[in-house]
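Undergrad: structural data only, the sequence is not supplied:
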């Protein structure tokens with residue numbers, strides 16, 4: 001080993017080269033590493049700037065914009081003109097169910113204290129008879145109606161039917177009556193003088 005070291009030193013001496021010390025080599029390596037770190041550090045701020053610019057495009061909506069959008073969403077629908085029709089006299093609303101089978105006819109009546117309907121067009125009541133009244137389901141096309149405080153209930157049976165049969169029929173459901181051949185026709189009648197009032201309504205969604 002000493003012989004090889006001497007030959008190496010001799011060769012370097014002939015070429016005019018000085019042997020580098022270990023301390024010098026370590027300093028050179030550290031200098032290269034620090035230079036590489038500085039180069040990397042210089043490039044990092046540019047990447048951060050790019051990220052900030054991208055995030056800037058996704059800025060949240062301002063509060064004033066959100067409030068305006070909420071107001072548009074919660075705005076009430078436009079009101080429209082309609083007419084409310086109701087009997088002027090109390091106890092002038094009758095709800096009727098008519099059962100029919102062949103020549104037999106049964107009527108069930110319920111009298112209400114009051115009631116009303118809402119129509120979207122002013123009706124022509126020139127031919128209305130207060131004594132005869134009107135079947136609101138046949139004469140009017142209404143959007144809403146209500147019957148208030150039903151009081152009296154009365155049933156009218158034909159004389160041909162025995163009392164026992166009338167009582168039996170009263171215990172049956174509508175589906176059972178239909179199965180036995182009965183048809184059921186509902187009707188609601190207003191009678192007496194009618195009151196027509198102009199009202200504002202909000203259309204249903």
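TA: Sure, I can see it. Since the structure is predicted, the reported quantities are computational estimates derived from the model, not experimental observations.

Undergrad: and the residue lying closest to residue 181 once chain neighbours are set aside, bridged to which residues?
TA: Distances taken as CB to CB, 6 or more residues apart in numbering place residue 101 nearest to residue 181, at 5.2 Å, with adjacent residues excluded. From N, CA and C alone the C-beta is placed, and that goes for glycine too. Beta-bridge partners for residue 101, by DSSP bridges, are residue 104.

Undergrad: wait, residue 101 sits on residue 179?
TA: No: using CB atoms under 8 Å, residue 101 makes no contact with residue 179, being 11.6 Å away.

Undergrad: roughly how far apart are the residue nearest to residue 181 and residue 195?
TA: Plainly put, residue 101 is 38 Å away from residue 195 if you go by CB to CB, to the nearest Å.

Undergrad: for the two, indicate the residue with more neighbours.
TA: Neighbour count, other CB atoms under 10 Å: between residue 101 and residue 195, residue 101 has more, with 14 against 11.

Undergrad: domain-wise, how is this protein divided?
TA: Using automatic domain parsing, the domain parsing of the chain gives 23-52, 80-201.

Undergrad: just those domains: most buried one?
TA: Ranked by mean neighbour count, these are led by domain 80-201 with a mean of 14 (mean count of other CB atoms under 10 Å).

Undergrad: now the end-to-end length of that domain.
TA: Terminal residues of domain 80-201 lie 6 Å apart, using CA to CA, to the nearest Å.

Undergrad: distance of residue 152 from residue 106?
TA: 17 Å.

Undergrad: what mean pLDDT does stretch 121-134 have?
TA: If you average the pLDDT over stretch 121-134, you get 90.

Undergrad: outside of that stretch, which residues touch it?
TA: By CB atoms under 8 Å, 6 or more residues apart in numbering, the residues outside stretch 121-134 that reach it are 83, 85, 92, 94, 139-140, 189-194, 196.

Undergrad: let me have these in TSV, adding secondary structure, pLDDT and distance to residue 110 as columns.
TA: As requested, the contacts of stretch 121-134 are exported to TSV (DSSP: H, G, I helix; E, B strand; the rest coil; pLDDT from 0 to 100; distance: CB to CB, whole Å):
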residue	secondary structure	pLDDT	distance to residue 110
83	strand	92	25
85	strand	94	20
92	coil	94	13
94	strand	94	7
139	helix	90	20
140	coil	89	20
189	strand	94	11
190	strand	95	14
191	coil	95	14
192	coil	95	17
193	coil	95	21
194	strand	95	20
196	strand	93	24
